[in-house]
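J.: the following comprises the amino acid sequence and a computationally predicted model.
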Number of protein chains: 2
Amino acid sequence: MTGAAGCAGKPTLAVVGATGAVGTVMLGILSERADIWGEIRLIASARSAGRKLTVRGEQVEVVALAEEAFEGVDVAMFDVPDEVSARWAPIAASRGAVVVDNSGAFRMDPEVPLVVPEVNPHAARMRPRGIIANPNCTTLSMIVAMGALHAEFGLTELVVSSYQAASGAGKAGVDALREQLGKVAGSDLGSQPGDVRGAIGDSGPFPGPLALNVVPFAGSLQEDGWTSEELKVRNETRKILGLPGLPIAVTCVRVPVITGHSLAVHARFEREVTVSAAHEILATAPGVVLCDDPAQGEFPTPADVVGTDPTWVGRVRRALDDPCALELFVCGDNLRKGAALNTAQIAEVVAAERAAL
Amino acid sequence: MTGAAGCAGKPTLAVVGATGAVGTVMLGILSERADIWGEIRLIASARSAGRKLTVRGEQVEVVALAEEAFEGVDVAMFDVPDEVSARWAPIAASRGAVVVDNSGAFRMDPEVPLVVPEVNPHAARMRPRGIIANPNCTTLSMIVAMGALHAEFGLTELVVSSYQAASGAGKAGVDALREQLGKVAGSDLGSQPGDVRGAIGDSGPFPGPLALNVVPFAGSLQEDGWTSEELKVRNETRKILGLPGLPIAVTCVRVPVITGHSLAVHARFEREVTVSAAHEILATAPGVVLCDDPAQGEFPTPADVVGTDPTWVGRVRRALDDPCALELFVCGDNLRKGAALNTAQIAEVVAAERAAL
C-alpha cells in the first residue's frame, strides 16, 4: 500500500485517531477538499484496527498505531489525547513524517510552531522537531477574524468571554447534554433553586448541569483560579499573532449548544477603528464571513454556523468610550475550523511545500 | 378599604401590574418580607379587575387601573410596560403616592433617581417628580457586587458579556424556550447548519432559535449597532454608581436558561487589587454571596441561584496583565433582585423614611 505515493507522486497522509470525534469529521473534510493526497492511511488504537471507514468514497481499513504504521508517511495528522500525541508524534517525526498535532501536548513548545494558515502560514516552515501544532478549538473559533483585524489595526488588548459548545468536551459532552435535555424538556424546571441540578443528577464531563444552565468552567483548574481553557486561549493567541506580551483576559463558559463555539470579544488596537473599515476587512478576509445586519436579523449564532468552515463575525460595534476599540461576536464550528479543518489546512501547506521542491 | 392605613399607621402600598410575571413574583416577595405595609392594594388592567390573588396569605381582589385607585396610596410599585408607566406613574405621583417604577420609562430622567438600596439608597430621597426608578434586570444582576468593589477600589472601566435568561423576555420568552426545547429534545439536531432553526420555526420573542443556541441580540436595535439592552446596562451602571464618564462596553447574549442572568465581567480599578481583598469585600457585602472555590466545584450558575435573593459571585481572578483589573462571573435571579425584589427594597426605603418623620 505504501508504494502508491512518495516524493515523486502525491504525498502519503496518515490520520492518527481516525475513529474519534475529530477523526470522523476529518474523514469528511478530506473527502470534500481538493484531492492532493496519494494514500490516506487510517491509524487508530489496536482496539479499532481492522475496522473499515469511508474516505474519498472508498473503504479503508484502519491499522493499529505502531512505529511501522508510519513507514512511507509524508504527513501525519494526530487527533488523539495529549498523552498519546506526546508519545507518538516524535516517533512519527523520527520516521520522516511531518506531524500536524491537534492535541495540547506541543502547542507551547518553543520548537513547535502553532499554525493557522490564514494568519501565520510562514510559521509552519520552522519546525525543528518535525511537529506543527494545531491550536485549541476556542482559540481557533476567533483567531482568523482577530488576525485579519490585527494585520490592519495592530492589536493591543483583548477581553474575551466564551459561549462554548458541549462537543468541545468530545462525544461524552454531546451525549451528556442530549441526555440532560431529555430530563428537562416538557418540565417546569428552571424556576426553583437547584431544581435543574436535582433532576439531572450526574452532569457527565461538565462540572455542573448544562441543560437549562451555563457553566463558567471549562478544562482543569490552574494557578490563581484560571482554567486550562482560559490560559490556552491567552497563550495560543499570543503565540499565533507573534505578540508575546499582548494583554488578554479570558472567561470560558460552557453553554447548552451541541456544536459551535461563540466568543464576545472586546479588542483594542493601536490605531483608531471604524465599523465600516472593520467590515471591509472582515468581508474580504480569507476564512471569514461577515454576518452583521441586525436590522435584518443577521448576526451569527452557533446553530446557524455549525457544519460550516469559516469564522462568522457579527455585532461589530466601536466602543463608545474608546475610538481604538471594537466589540464583536464571533462564531465558528469547533470541530471543523476549531479542529479538523485547520489540521487539514496545515497538512495542505506542508504538502504544497513538498510539491514546490 | 383605604381607611386601614395612613400617615399615622402602616403605609398603604399599591402594586400596579399585579397579575404580570414580575407582579406575581412581587406578591410572593411581599408575603415573605417583614410586614411593614398596611393595606396592599392590587391594581391591574380592567381586564383583570375582580380577580382574586393571594398576598400575605389573604385573598385580595384586583382593582382596575384608574386615577381613583391611587386614593390614599403612600407607595405605588409599577410593574407594567414602559408606555403604561409613562402615562400612569405621574398620575399616581400627583395623587400623593411615591412611585417606584420598574419600567424603562423614567430610568434616565435626570429628575428621577435610579436606586439600588445596597449601593445608592441616599439617592431615593431626591425625587422631584415623586418617582423612583428601578434598574433593568441585567444591570441589577451585577450592580450590587460591582458597587461593593467600586466603593473599595474605584472603578475605572467595565467590559461585560451577558448570558441572559428567557424570562427576561417575560412569560412569552419562557413559553417559547420550553416549546423549543420540546422540539429539539430527543433529536440529533445541532450538528448541521440551520437544522435547529428549521425544526423550531417561529422563535417567539427572540430574533433566532434559543434552544441548543445562543442569540447575541436582546432588546431593540439602536444607533451604531448597539442594542437597547446593552445601552441600558451602560447608562444605568453609570447613573447608579455616580460615574457619568465610566467607560463601559457591553455585549448582551440570550442563552437557553429559564431564569437567572449571568455576566462575565472585566473590571478595572484605580488601585491595585488582589483576589483575597476582593473576596473579603464580596464575602461581607450586603446582598452578595461569594461562591468561589472551583477546586470544590463551587462557582455560581443560573440553575443554582434562581429563586434566591442575592447576587452570587465566583471565578474571581486578577487579570494576568494588569494588577488593577479583576475578572468575575456574576449570577442573579432576574425576576427577584433583577426586578421585584429591588422594587420592594426601594419601597421599604421610602416607607422607612415616612416612619422616621
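T.: Received, thanks. Since this is a predicted model, take the numbers as computed values, not measurements.

J.: show me the domain layout of chain A.
T.: A:13-134+A:340-356, A:139-165+A:216-332 (the TED database).

J.: from these, which stretch is densest packed?
T.: Between the domains of chain A, the one whose residues have the most neighbours on average, counting mean count of other CB atoms under 10 Å in any protein chain shown, is domain A:139-165+A:216-332 (a mean of 22). C-beta here means a position set from N, CA and C on the backbone, and glycine is covered the same way.

J.: got the CA positions of stretch A:36-48 in CSV?
T.: These are the backbone C-alpha positions of stretch A:36-48, laid out as CSV (Å, rounded to 0.1, in the frame of the first residue of the first chain):
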residue,chain,number,x,y,z
ILE,A,36,-3.9,16.3,-3.1
TRP,A,37,-3.1,13.1,-1.2
GLY,A,38,-1.9,9.8,-2.6
GLU,A,39,-2.5,7.2,0.0
ILE,A,40,-4.6,8.1,3.1
ARG,A,41,-3.7,5.7,5.8
LEU,A,42,-6.1,5.5,8.8
ILE,A,43,-4.5,4.7,12.2
ALA,A,44,-6.1,4.1,15.5
SER,A,45,-5.7,2.1,18.7
ALA,A,46,-5.3,-1.6,18.3
ARG,A,47,-8.9,-2.0,19.5
SER,A,48,-10.1,-0.3,16.3
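
J.: the domains of chain A: which one's closest to chain B?
T.: With CB to the nearest CB as the criterion, chain B lies closest to domain A:139-165+A:216-332 of the domains of chain A, at 3.0 Å.

J.: give me the mean pLDDT for the closest one.
T.: Domain A:139-165+A:216-332 carries an average pLDDT of 98.

J.: re the thing from before, will you turn the domains of chain A into TSV that also has distance to B:E272?
T.: Formatted as TSV, the entries for the domains of chain A read as follows, by distance: least, CB to CB, whole Å:
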stretch	distance to B:E272
domain A:13-134+A:340-356	28
domain A:139-165+A:216-332	15
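
J.: and B:G242, which of the ones you listed is closest to it?
T.: Set against B:G242 and scored by CB to CB, those come closest in domain A:139-165+A:216-332, at 16.8 Å.

J.: what's the span of that closest one, first residue to last?
T.: Distance between the boundary residues of domain A:139-165+A:216-332 (CA to CA, to the nearest Å) amounts to 10 Å.

J.: for the residue nearest to A:D188 when sequence neighbours are not counted, grab phi and psi.
T.: Once flanking residues are discounted, A:D188 sits nearest to B:R178: 7.9 Å by CB to CB, 6 or more residues apart in numbering or on different chains. The phi and psi torsions at B:R178 (degrees, to the nearest 10) take the values phi -60, psi -40.

J.: so who does B:R178 touch?
T.: Going by CB atoms under 8 Å, 6 or more residues apart in numbering or on different chains, B:R178 touches A:185-186, A:188, B:258.

J.: show me just the buried residues among those.
T.: In terms of neighbour count (16 or more other CB atoms under 10 Å in any protein chain shown), the buried residues within the contacts of B:R178 are A:185, B:258.

J.: element containing A:V100?
T.: Using DSSP states H and E, A:V100 sits in strand A:98-101.

J.: return the list of strands paired to that strand, each annotated with direction.
T.: Sheet pairing for strand A:98-101, assigned by DSSP bridges, gives strand A:75-78 (parallel), strand A:131-133 (parallel).

J.: possible to save those strands as CSV with distance to A:P209 and mean pLDDT?
T.: As requested, these are arranged in CSV below (distance: least, CB to CB, whole Å; pLDDT from 0 to 100):
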stretch, distance to A:P209, mean pLDDT
strand A:75-78, 33, 98
strand A:131-133, 33, 98
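
J.: export the ones you listed to a markdown table and tack on distance to A:T12?
T.: Conversion of the strands paired with strand A:98-101 to a markdown table gives the following (distance: least, CB to CB, whole Å):
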| stretch | distance to A:T12 |
| --- | --- |
| strand A:75-78 | 8 |
| strand A:131-133 | 17 |
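
J.: tell me the confidence at the residue nearest to A:D188?
T.: At B:R178, the predicted lDDT confidence score is 97.

J.: A:R51: what's it in contact with?
T.: So, once contact is read as CB under 8 Å, 6+ apart, A:R51 ends up touching A:19, A:44, A:61-62.

J.: could the residues you listed go into TSV alongside pLDDT?
T.: Shown next, in TSV, are the contacts of A:R51 (pLDDT from 0 to 100):
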residue	pLDDT
A:T19	93
A:A44	97
A:E61	97
A:V62	98
